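Chemist: coords please:
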Amino acid sequence: MKEEVCFRQSFTPSCKADEVIVVTSATYGRMALGECLQTNLGIGCQADALKVLDRLCSGNKACSVEVGDNQEVQDVSTCPPDMFAYLEVDYSCLPGMDLANVSPILVALILSSSALGAIK
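Modeler: Numbering: from 1, shown residues only. This is a model prediction of the structure:
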């Protein structure tokens, strides 16, 4: 699913109970005229925001990232600070377990048993 999220709006994907979000691409900037930019007052600045969105959303059933108020997203921007930028995100909902609600000890046990199985 591809979403264009304008300045001061929130990216709020959510998946079914047995699925998790997997962000496959995320770009922050002023890429093209469209829903978020209707006047050409400067287009072309853009930055890869995949690491940020992946950390904030991937592996969760739902997340919320406000464009313009999230400092991590703004930090990747290459646009002049006085120009409103927007977020373009491509993500999927894939079968999986939301690890945000699982005990860190259980996650460590699952990962270590998986690693041990791979060694055998």
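
Chemist: Contacts only, for His63.
Modeler: You called it His, but residue 63 is Cys. Residues in contact with Cys63 (Cβ atoms under 8 Å, 6 or more residues apart in numbering) are Phe11, Thr12, Pro13, Ile21, Leu56, Cys57. No exception for glycine: its C-beta is placed from N, CA and C like everyone else's.

Chemist: Make a markdown table from these and add pLDDT and secondary structure to it.
Modeler: What follows is the contacts of Cys63, written out as a markdown table (pLDDT from 0 to 100; DSSP: H, G, I helix; E, B strand; the rest coil):
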| residue | pLDDT | secondary structure |
| --- | --- | --- |
| Phe11 | 97 | strand |
| Thr12 | 97 | coil |
| Pro13 | 98 | coil |
| Ile21 | 95 | strand |
| Leu56 | 95 | helix |
| Cys57 | 96 | helix |
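
Chemist: Highest neighbour count among the residues you listed?
Modeler: Ile21 (25 neighbours; other Cβ atoms under 10 Å).

Chemist: for it, what are its contacts?
Modeler: 13-15, 57-63, 91-93.

Chemist: can you check Ser58 too?
Modeler: Val20, Ile21, Val22, Val23, Tyr91 are the contacts of Ser58 under Cβ under 8 Å, 6+ apart.

Chemist: the helices in the chain, which residues?
Modeler: Along the chain, counting by DSSP state H, helices occupy 50-57, 71-75, 104-119.

Chemist: Least confident of the ones you listed, on average?
Modeler: With a mean of 56, helix 104-119 has the lowest mean pLDDT of the helices of the chain.

Chemist: Stretch 69-82: which residues count as buried?
Modeler: By 16 or more other Cβ atoms under 10 Å, the buried positions in stretch 69-82 come out as Asn70, Val73, Gln74, Val76, Ser77, Cys79.
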